[in-house]
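Undergrad: My questions concern the predicted model and sequence given below.
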Amino acid sequence: MSANAWPEFQQVMRLALTAGHPEQAAGEERLSRWTSLPGLCCQAAGGDPAWTDDLTLAWLVFYAAAHLMDSVQDGDEPDAWWAEAGIGVALSAASGLYFSASQALNALHDNPATRARAIEISQRFNQAFLVMCSGQYADLTRPTPSLDEYWTHASAKSGAFFSLACWAGACLATGDADILAQYDRFGHHLGLLIQIKDDLDDVRSPLETGVPGQKKSFARSLPVIYALQFTSPTHARMLSEYVRAAANDSHAAQEAIRMLDESGAAAYVQIEMARQKALALAALDEAGARSPAVEALSNLVNSL
């Protein structure tokens, strides 16, 4: 995948893949749970999951590149491997990962089983990641979004990323536009569900730990955005102050959680999780997904 890169640069990219993988990041949904998505969607649509090996690799490496780029742009705590070297090295590694992912995607053209859909899938990858870049830009330029903006941004990032995996996997098995639209919908709602779960983890961690280092995304999490929009101006100001202090003050973290509970944010989030689950499962049903893949996909949804 990166055979033409210098050995030391290959090592940096390996570090980025390892450190940037959500399995290594506390409070984030484990991407390793979702590596089977393209293959399962291909199988559910009547194909062979082995056909998805190259696109799954491309999807995961693209994710690692985007995750690293977002961490730099958001000003998150750096991973150990680039903390001393600086953001220039991190951005260089992200660039290498983007090109490595493109090479993996190009392999679809060389495989007789995937060649017929390679151009369409490559185009869809490019479109999806442009949408995700737009969502990241919106996050950077609107640090305190409205509730409507939150859903727009989440759709453009997590929704687009998971709909890409599901649509692309199914695309290797069928060219039926109506069926592919349902796998697109399934991945979209699954992605939103995962985003909500990640937001809940962001909110819970200051209450459980009360230590410095709370992720900046806490202030942009769904419960906080809901509460800020549907509480009084006085309470919204107090909540904002507690959220800003939560990273270094356990009392502020506890007060922020208390105010979120009182605002009805917890109930709203639970309702939204149930709604996204129902929409994801309905799309899977309408796609006519086949066993045993449909059971595995349903279990992934219900595990959240």
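TA: Alright, I've got the coordinates.

Undergrad: name the helices or strands packed onto whichever strand or helix holds residue 193?
TA: Secondary structure assignment for residue 193, by DSSP states H and E: helix 177-209. Helix 177-209 is packed against helix 37-44, helix 147-154, helix 160-171, helix 222-230, helix 250-263, helix 265-286, helix 293-302, with contacts defined by 3 or more CB pairs under 8 Å, 6 or more residues apart in numbering; DSSP states H and E. Just so you know, the C-beta spots here come from the backbone N, C-alpha and C atoms, and that holds for glycine as well.

Undergrad: 7 Å instead?
TA: Applying 3 or more CB pairs under 7 Å, 6 or more residues apart in numbering; DSSP states H and E, one finds that helix 177-209 contacts helix 160-171, helix 222-230, helix 250-263, helix 265-286.

Undergrad: buried ones in the last one?
TA: Taking 16 or more other CB atoms under 10 Å as the basis for neighbour counts, the residues of helix 265-286 that come out buried are 265-266, 268-269, 272-273, 276-277, 279-281, 283-284.

Undergrad: And the shortest one, by the same measure?
TA: Using 16+ other CB under 10 Å as the test for burial, helix 222-230 gives 222-229.

Undergrad: now swap in stretch 44-63 and tell me
TA: 44-45, 47, 49, 51-63.

Undergrad: and what of stretch 167-181?
TA: 167-174, 179-180.

Undergrad: Quick check: the farthest pair among those residues?
TA: Maximum pairwise distance among the buried residues of stretch 167-181 (CB to CB): 13.4 Å, between 168 and 179.

Undergrad: Neighbours of the nearest residue to residue 108 once chain neighbours are set aside, how many?
TA: Nearest non-adjacent residue to residue 108, counting by CB to CB, 6 or more residues apart in numbering: residue 118, 3.8 Å away. By the measure other CB atoms under 10 Å, the count of residues near residue 118 is 19.

Undergrad: Which of the helices or strands spans residue 118?
TA: helix 118-141.
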